[in-house]
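S.K.: return atomic coordinates for the entry below.
(4 chains)
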There are 2 protein chains.
Amino acid sequence: MSKRPSKSSSEPLSAARRDPLDGIPLLNILSAHDRQRVLKELTESRYRKGDFIFREGDPTEYFHIVKEGTVKCVKSTPDGKECTLKVLMPGDLFCCDAAAFDGTAHPGTAQPMGEVSILRMRKKTYFDMLRRSPEAALEVIKYLGNRLHEAQEKAKVLALDRADQRLAALLVDLAARNGQADPHGIRLGIRLTRQDMANMVGTTTETVIRIMGRFKRQQLVSGTANRLLIRNLAGLKALASAS
Amino acid sequence: MSKRPSKSSSEPLSAARRDPLDGIPLLNILSAHDRQRVLKELTESRYRKGDFIFREGDPTEYFHIVKEGTVKCVKSTPDGKECTLKVLMPGDLFCCDAAAFDGTAHPGTAQPMGEVSILRMRKKTYFDMLRRSPEAALEVIKYLGNRLHEAQEKAKVLALDRADQRLAALLVDLAARNGQADPHGIRLGIRLTRQDMANMVGTTTETVIRIMGRFKRQQLVSGTANRLLIRNLAGLKALASAS
DNA sequence: CCAACAACCTGATGTCCGTCATGTTATTTC
DNA sequence: GAAATAACATGACGGACATCAGGTTGTTGG
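M.R.: Numbers count the residues shown, from 1 in each chain, chains lettered A, B, ... in the order given. Purely as a prediction, here's the structure:
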């Protein structure tokens, strides 16, 4: 069972409030009628650092969409090692990581990285919606296709590249997905510790620290968790794809 | 452009012949009417070792389904290293590896492992079918969800496990998907060289040879490429999931 | 059957990176 | 603003695995 956060709120949404479906590509295709229907079923919850949205092994009753903040999908081994499968941004859907359309239990754990807001609806409701709206179903198919592609790319990188290349690739990816312009380069919008990065690229914290130190000396990046700055995106790209 | 095999045949299928859609879960949900329609559009091609069904970068015009034999989906680096993303068996659909529903170019290369037979149809035809049949679309969604789950599991294994554990996990997986009972254990139905295995678990041929040597000494497996035999499935499972 | 080739095997050597240990700087928290 | 904690940093050491180089067995084809 997922531990519910001490201070999380949970409330049904009324259609009267500002439409919370805006900016969620997977729901935008819906007809006005279907939107109403979906809205009635949607629930919003807030979580903070340390909470669990759900844990590996929990039954997959709900369907989740990130509204605000970032969420990480994590798998862990009995001996405490962790692997972050994917960082989800606003608009992403997950259940966990959308992998459990067919399954009964969550294959991974979902944890907020800071303050987040999550939209949730019953799986059955969502499936009914897809049955009624083939266009929405096609949208989901495309979304899943892309996610599958991503996951395979990640597997390839893990299989073939060195730790510094994997790390460079991560930074490039995050800059594209989450970066905001800054006088000296690209600021990353998420707080990301060396530990977080290590879990994302399949190494240890120490290794990430050493590599980031090197990157810093080479003027590729600067800053730490709260204020990560990409100073030379091209350089990182070159490193990432250096056969 | 994909090189077409020297001796491959390619012919439209008539509905009169034995129904080639049997045993393909993703098409079985279709109504009789839709089956007819799909059948008219299906083309069957044969390939053999050394051919390419398509290559990384080719445009994704078609949708593929494995009818007979096994196909591997491969990504490679400029300097000749390869990574096998997935082995596809009869009934599996790929395009490549189903990741390109949304894309324009194949993210990987598809190669037959021995003699194979492939069913092919235009992407547009398939999409039209999904639009008309929400149940079929849901089936595809579930299929993709499972594939995504698989890919993430693979990433986790690559990130956290040692080479011998990854190899053990591969053998366990293949035994389940492709094994046939044998007086002394489980025979693997596909021909699999040490090189193939290395590409699948992200190591080198030499390392696989050494580890397989150890497995052989420990009575876990026996045989080589043509005649791989799992002698102690439980033992391999234990190794694979030994934190 | 013999040649040619692919697959398999073995050893030596180096390197990337994990592990452990310990210290320093940031960030919270009260 | 001091204490507590989390994050960052550095060094020493070893192990897992890649790489290179060579040798043996097995399979295929003329």
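S.K.: quick one, helices of chain A?
M.R.: All helices of chain A, identified by DSSP state H, fall at A:25-28, A:32-41, A:123-132, A:134-160, A:163-178, A:194-201, A:205-217, A:233-240.
S.K.: so what's the residue positioned nearest the centre of chain A up against?
M.R.: With distances taken as Cα atoms, centre = their mean, residue A:88 lies nearest the centre of chain A, 1.3 Å away. Counting by Cβ atoms under 8 Å, 6 or more residues apart in numbering or on different chains, residue A:88 makes contact with A:66, A:70, A:71, A:72, A:73, A:94, A:97, A:110. Glycine gets a C-beta too; all of them are placed from N, C-alpha and C.
S.K.: between the helices of chain A, which one is nearest to residue B:54?
M.R.: In terms of Cβ to Cβ, the element of the helices of chain A nearest to residue B:54 is helix A:134-160, at 15.2 Å.
S.K.: residues from chain A in reach of DNA strand C?
M.R.: A:162, A:163, A:164, A:202, A:203, A:204, A:206, A:207, A:224, A:226, A:227 (Cβ under 7 Å from any atom of the strand).
S.K.: same for DNA strand D: which of the residues you listed are within range?
M.R.: A:206, A:224.
S.K.: can you put the residues of chain A next to DNA strand C in JSON lines and add pLDDT, distance to residue A:139 and neighbour count?
M.R.: Below are the residues of chain A next to DNA strand C laid out as JSON lines (pLDDT from 0 to 100; distance: Cβ to Cβ, whole Å; neighbours: other Cβ atoms under 10 Å in any protein chain shown):
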{"residue": "A:162", "pLDDT": "97", "distance to residue A:139": "37", "neighbour count": "12"}
{"residue": "A:163", "pLDDT": "97", "distance to residue A:139": "36", "neighbour count": "16"}
{"residue": "A:164", "pLDDT": "97", "distance to residue A:139": "37", "neighbour count": "20"}
{"residue": "A:202", "pLDDT": "97", "distance to residue A:139": "31", "neighbour count": "20"}
{"residue": "A:203", "pLDDT": "98", "distance to residue A:139": "35", "neighbour count": "20"}
{"residue": "A:204", "pLDDT": "97", "distance to residue A:139": "39", "neighbour count": "14"}
{"residue": "A:206", "pLDDT": "97", "distance to residue A:139": "43", "neighbour count": "10"}
{"residue": "A:207", "pLDDT": "98", "distance to residue A:139": "39", "neighbour count": "17"}
{"residue": "A:224", "pLDDT": "91", "distance to residue A:139": "38", "neighbour count": "15"}
{"residue": "A:226", "pLDDT": "88", "distance to residue A:139": "36", "neighbour count": "10"}
{"residue": "A:227", "pLDDT": "89", "distance to residue A:139": "36", "neighbour count": "11"}
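S.K.: from the residues of chain A next to DNA strand C, which is closest to chain B?
M.R.: Set against chain B, the nearest of the residues of chain A next to DNA strand C by Cβ to the nearest Cβ is residue A:202 (3.1 Å).
S.K.: tell me how far that closest one lies from residue B:161.
M.R.: For residue A:202, the distance to residue B:161 (Cβ to Cβ, to the nearest Å) stands at 10 Å.
S.K.: just residue A:58 next, same as before
M.R.: 24 Å.
S.K.: one more: residue A:73?
M.R.: 19 Å.
S.K.: mind checking which of the two has more residues around it?
M.R.: Of the pair residue A:73 and residue B:161, residue A:73 is the one with more neighbours under other Cβ atoms under 10 Å in any protein chain shown, namely 25 against 21.
S.K.: just grab the bridge partners of that one for me.
M.R.: residue A:86, residue A:110 (DSSP bridges).
S.K.: residues in contact with it?
M.R.: Contact analysis of residue A:73 by Cβ under 8 Å, 6+ apart lists A:84, A:85, A:86, A:87, A:88, A:94, A:96, A:97, A:108, A:109, A:110.
S.K.: roughly how far does the fifth one sit from residue A:117?
M.R.: Shown here: residue A:88 relative to residue A:117, a distance of 12 Å by Cβ to Cβ.
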